[in-house]
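A.B. asks: I would like the atomic coordinates for the input below:
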Amino acid sequence: MLELLGEKGADSVNVVSFSFLAENLLKKYGLNSKKALDDSTRAMLMSVALDEIGDDLKLYSRHRYSSAVIMQMLKTIKEFRQCSVTPELIEQTLGRMEPSLLRDKLEEILLIDRTYSAIVSQNYFDDECALDILCGVLDKYRNFDGAQVFVDGFRGFTAQEYAVLERITAQADETWITLCTDESNDPFGVFAHTLRTKRNLIRRARACGAEIAPPIHITRSDEINPELEALEENLYEGEITPYENETEKIVLCSAEGFESECEFVACTVKRLIRTEGIRCREIAIISRSESNYSRQIRSALIKNGVPVFEDKRQPITSEPLIEFVRSAIEIGSTGFSTDALMRLAKTGLTDLSIEEISDIENYALMWQINGRKWLGEWTAHPNGLGEKMLEENINELRRLNEIRVRLVSPLQRFRVKLKEFTALEAAQAIYYLLADMNVAENLKKLAVDLNNRSQPELASEQNRIWNLLMEMLDRVADSLEGVRLNASRFRDLFDLLISTYSLGNLPQGLDEITIGSADRVKTSAPRVVFAVGMNDGVFPMIPNSSGIFSENDRRTLAEFELKTDDSYEEKMMEERFIAYSTLLSTSDRLYVTYLRKDINGAQASPSEIVTQIRKIFPKVRLVDTVCTDDMDYIESRESAFDVMAKLTASGGALHSTLESYFEAQPEYAGRLAALRRSINKGEMRIDDHETATRLFGLNMYMSASRTEVYHKCPFEYFCKYGLNAQPRKTAELDPMQKGTAIHYILEKLISAYGSDGLTAMEKTERDRCVIDILEDYFKENLTAGEEMGERFDYLFRQLGLIVCEVVDRLVAEFRNSDFVPVAFELSIDNDGEVGTYDIPLPDGGMLKLKGSVDRVDVAEMNGTTYVRVVDYKSSGKKFDLNEVFYGLNMQMLIYLFAIWKNGFRDYKNITPAGILYMPVNAPYVGAERDEDSAEIEKKKLKGAKMNGMVLDDSRVIYMMDNTGSGVLIPASIKKEGDCTGTLISLKQMDLLMKKCERILAKMAVDLHNGVIPIRPAHSNTSQSPYENVCKYCDYKEVCLVDEDTPTLEIENLKHTESLARLGGEDDA
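C.D. replies: The predicted model follows:
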């Protein structure tokens, strides 16, 4: 321009858009002196309009507060403005329409439009009407008389723009308009859309009396690449002239999925930059819809070390500051929900540390704190149910309450302000809350932290978000001046306001790749263009008629001369032109990629463009990402690591080379180790023997129950006891708590009254004693403060019923047994009534096993003391000797062996009589309506029969069950005098003890050696507790167990087969 016109001439040139032209001329004549209306204010005022006339609406009354309806109404009214569909035209049309749903829609939209426009006109200038006003200005002042006007860069115009162009054309000396089209006038060709624009322009120019000059057809002055020329000449043509030469500048790529497609693009880009010296700014990556590709393309480019400019605006909903305010308003509207409080706290914008937030969250989840319970003092034990309140716990509770007050007090003051208020008062309340909670200072700290973590873009974003929020609060106070609100309505309005805001990105440098969507990205003949996602229905995109009017509605409106948006066919023609413009925007090279499977894994077809390119270029280069050489994907260390990871399972020379390289890079050590663990399923270990020994101890001191955990899965043992990683717990009366309560009650009851005393009591008296002891236990051990509320009453009643029934079964047992309970909660420990069960280890260490036995019963005969251990179980656990060989189900045996080996009180000649599991849950029994109660009791006893293993000695069996019938125990005496049931001889018991000691010693040595594989035990028996141990494991998200994870398979053996295996071992 400077060369053509010189300095003086260039000064007289004005470059404007339609909106800028309108703004300048309207400002010149004082026609837009009111405040400008932006998208956020539009949305709020539309919401106010819908609320004001809500009772007069039928179709949209129920949804008048919906953000989607509000935005659709704004979109529809904007469309009417652009298409010059005025309220007067709508009113005239309504008079000619028969009653129908479309007529009802149009009638309500007219009412909404007039109400909205009236509200807007009070304080604002609506720039959507600016072009209509501009037409009046041009008619009056003839601003373009004698001008030379050039219109460039359009493929079509709205009705408003056409009206402005009519006036410019009528006034200007000459009006030049450029369009990308050809001379064919084909109504279905690639230029059908711009040809329609051309026809409209000519028709309107003639209507206003302008002379039409012959069109000038401009072609490229520079030499065009013959391949691109062939593409330009043949695309969308019926008859194709194939390009028979080798095709070097156009490449087709078929990708298995999004990830491989983006990886191909990124690696190709990096290779072009590295090998051919192409600059980033000379490359454009264009998709039809930015939402489908932007994140993955950006990630792939960054991974390959390529600077990126993404032509896209980001929503602000996930920004920490916005989430803080949204959560605060939610609290103001609905109360102190734990979810909203934690979302607010976790933004990092309060004065609370991460540890403090985690501590109060854990307490709230444990005691199910919600609502008003956040406002009262917390009094329950910080460690949950069943814990003694010690001085350190009182101090911890005090600390938690201090944290709670620091979090909720400012929010409580904020909530008081959100009762009945104006919009200005709401904006002020939010600002004062931010000040009260020191948010501005904490936002600065967050920005500094992000910058220190090499995230400068996110760091700089925080200041922009703060300014945006202040702007939003100003908008609320200004646009809703005088409007009275409640908290719920304000919450809806603020969410609506947020949805209208977004953040754009400015290029961070002069040399960056451009990424954008085909309908909005602006390029300047880049050397290389990647047209991605070229799939059927995607690119070109099949138009959809979303919104208030369906495609049929639009056709009907057009029949009444209410022309709204383009028809489906017109949009389809435009989509073809957009695709054409994308492909031919390159000046040198074109890559077209498409998917074989979409994001959901369904088969995807290439678009018609891919099919046409293959016809035009029979020798076009075809790339399949599945068949591409792995070396082609190595363009950075990160991409090289990905290739190595992909090849880890199959191996090979390239994998070995890459693995050797990354082994020498210290920063990749952790990722390399994690990769190997993921491939070698289950092979987890602590490599350093000394570290493992220090962690678990050379002389191990552990409970018997922990041995079960290790053999169930060594990795679970490591997580639970090595790392001490504990899952969050809730303060519920879980099976363990119930079991502890039952143990306590039975101990107190039997200790106080003995077996003889209980059998002599009436049931009502026994039940009363049970409830009294249970009440004492709850008061002493299960104090839950106000946090548990009325739930405790229910838990108390349910547990009382269970224990009363257990006592009834105990009485039935005592009446038929010579075994007497002599100890409850018997401690097996260094300072216990029975010493630890000690097992020397071959590596010089010692395994010391401790525990607590629910109940120990003895019976004496002929100078021998027979001892059995009893465990109360609510889980319905069954004893299976076969499982012991795998280190499982040993706990009761360990207790029995400890007593046998170490002695117990003054009892002489102790002999193990067995182990028994006594179910404490009430058994389900079927009974007839008129069945005798005594028969029902017998069925209950049978259903609650103890299981376990007892000594193979008829005298011992008779002492356990005087009837010998096996009603109470898993053993009985046949008529012939033979014993039957789950039995074991004394010799076999000795062999079993030695077998258990070897298994336990191996476990201890393996822990010393850091052997902690992911190897869950597994049994194919449906009733086994080891059928699916991972299902309820607290650590399954850590080990990521799957069907390929190795398991410890448990054979399904009968008890007699297990005994045979035990007795047949020579090394026993």
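A.B. asks: so where's the stretch 601-750 of the chain uncertain?
C.D. replies: By pLDDT under 70, the low-scoring segments of the stretch 601-750 of the chain are 681-682, 732-736.
A.B. asks: again, but for the chain
C.D. replies: Residue ranges of the chain with pLDDT under 70: 1-2, 220-222, 309-313, 504-510, 681-682, 732-736, 782-793, 875-876, 922-943, 1064-1068.
A.B. asks: parallel or antiparallel, list what pairs with the top strand by length along it.
C.D. replies: For the chain, the strand that runs over the most residues, judged by DSSP state E, is strand 846-861. Here strand 846-861 is paired, per DSSP bridges, with strand 699-703 (parallel), strand 820-828 (antiparallel), strand 837-840 (antiparallel), strand 864-873 (antiparallel).
A.B. asks: may I have it as CSV, with CA atoms only?
C.D. replies: What follows is strand 846-861, C-alpha atoms only, in CSV (Å, rounded to 0.1, in the frame of the first residue of the first chain):
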residue,chain,number,x,y,z
MET,A,846,14.0,-64.2,65.3
LEU,A,847,10.3,-64.1,64.5
LYS,A,848,8.2,-63.4,67.6
LEU,A,849,4.4,-63.8,67.1
LYS,A,850,1.9,-62.2,69.4
GLY,A,851,-1.9,-62.0,69.6
SER,A,852,-5.0,-62.1,71.6
VAL,A,853,-7.2,-65.2,72.0
ASP,A,854,-10.9,-64.6,72.2
ARG,A,855,-11.5,-67.5,74.5
VAL,A,856,-9.6,-70.4,75.9
ASP,A,857,-11.4,-73.5,77.2
VAL,A,858,-9.9,-76.4,79.1
ALA,A,859,-11.0,-79.9,80.2
GLU,A,860,-8.9,-82.1,82.5
MET,A,861,-8.9,-85.9,82.3
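A.B. asks: now the strands for the stretch 351-500 of the chain?
C.D. replies: Listed in chain order, the strands of the stretch 351-500 of the chain (DSSP state E, counting those that start in this stretch) span 421-422, 484-485.
A.B. asks: kindly compare burial across the ones you listed and name the winner.
C.D. replies: strand 421-422 (a mean of 16; mean count of other CB atoms under 10 Å). C-beta here means a position set from N, CA and C on the backbone, and glycine is covered the same way.
A.B. asks: what helices and strands are in contact with that strand?
C.D. replies: Counting contacts by 3 or more CB pairs under 8 Å, 6 or more residues apart in numbering; DSSP states H and E, strand 421-422 packs against strand 484-485.
A.B. asks: so what's Gly697 up against?
C.D. replies: The contact partners of Gly697, by CB atoms under 8 Å, 6 or more residues apart in numbering, come to Gly845.
A.B. asks: and the nearest residue to Arg855 once chain neighbours are set aside, how many neighbours?
C.D. replies: Leaving aside its sequence neighbours, Arg855 sits nearest to Val870 (CB to CB, 6 or more residues apart in numbering; 4.1 Å). Residues near Val870, counting by other CB atoms under 10 Å, number 24.
A.B. asks: is it true that Val870 touches Gly914?
C.D. replies: No - the criterion here is CB atoms under 8 Å, and Val870 misses it with Gly914 at 9.4 Å.
A.B. asks: shouldn't Gly386 be in contact with Lys738?
C.D. replies: No - using CB under 8 Å, Gly386 is not in contact with Lys738; the gap is 10.1 Å.
A.B. asks: quick check: the closest residue to Leu443 other than its chain neighbours vs Ser318, distance?
C.D. replies: What sits nearest to Leu443 in space, not counting adjacent residues and going by CB to CB, 6+ apart, is Gln462, at 5.4 Å. Per CB to CB, to the nearest Å, Gln462 is found 13 Å from Ser318.
A.B. asks: likewise for Ile278?
C.D. replies: Applying CB to CB, the value for Ile278 to Ser318 is 35 Å.
A.B. asks: and for Ala170?
C.D. replies: Look at Ala170 and Ser318: by CB to CB, they are 51 Å apart.
A.B. asks: Gly9: neighbouring residues, count only.
C.D. replies: Counted with other CB under 10 Å, the neighbours of Gly9 add up to 11.
A.B. asks: can you check Ala913 too?
C.D. replies: Going by other CB under 10 Å, the residues that sit close to Ala913 add up to 26.
A.B. asks: so who does Leu45 touch?
C.D. replies: By CB under 8 Å, 6+ apart, the residues touching Leu45 are 37, 116, 119-120, 124, 479.
A.B. asks: just the residues you listed: which are in helices?
C.D. replies: Judged by DSSP state H, the contacts of Leu45 include 116, 119-120, 479 as members of helices.
A.B. asks: picking that back up, which one of the contacts of Leu45 sits in the busiest neighbourhood?
C.D. replies: Ser479 (25 neighbours).
A.B. asks: ok, and the closest non-adjacent residue to it?
C.D. replies: Nearest non-adjacent residue to Ser479, counting by CB to CB, 6+ apart: Thr41, 4.5 Å away.
A.B. asks: before we move on, what about Tyr431?
C.D. replies: Tyr431 sits nearest to Leu473 (CB to CB, 6+ apart), 6.3 Å away.
A.B. asks: over to Phe814?
C.D. replies: Using CB to CB, 6+ apart, the closest residue to Phe814 is Ser755 (4.0 Å).
A.B. asks: three-state assignment of that neighbour?
C.D. replies: On the three-state scheme (DSSP: H, G, I helix; E, B strand; the rest coil), Ser755 is labelled helix.
A.B. asks: can you list the domain ranges for the protein.
C.D. replies: Structural domains assigned to the chain are 230-312+507-628, 315-503, 642-679, 689-727+994-1063, following automatic domain parsing.
A.B. asks: want to throw the ones you listed into a markdown table with distance to Ser827?
C.D. replies: Formatted as a markdown table, the domains of the chain follow (distance: least, CB to CB, whole Å):
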| stretch | distance to Ser827 |
| --- | --- |
| domain 230-312+507-628 | 58 |
| domain 315-503 | 17 |
| domain 642-679 | 40 |
| domain 689-727+994-1063 | 11 |
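A.B. asks: out of the ones you listed, which is closest to Leu774?
C.D. replies: domain 315-503 (13.6 Å; CB to CB).
A.B. asks: centre of the chain to that closest one, how far?
C.D. replies: Counting by CA atoms, centre = their mean, to the nearest Å, domain 315-503 is centred 21 Å from the centre of its parent chain.
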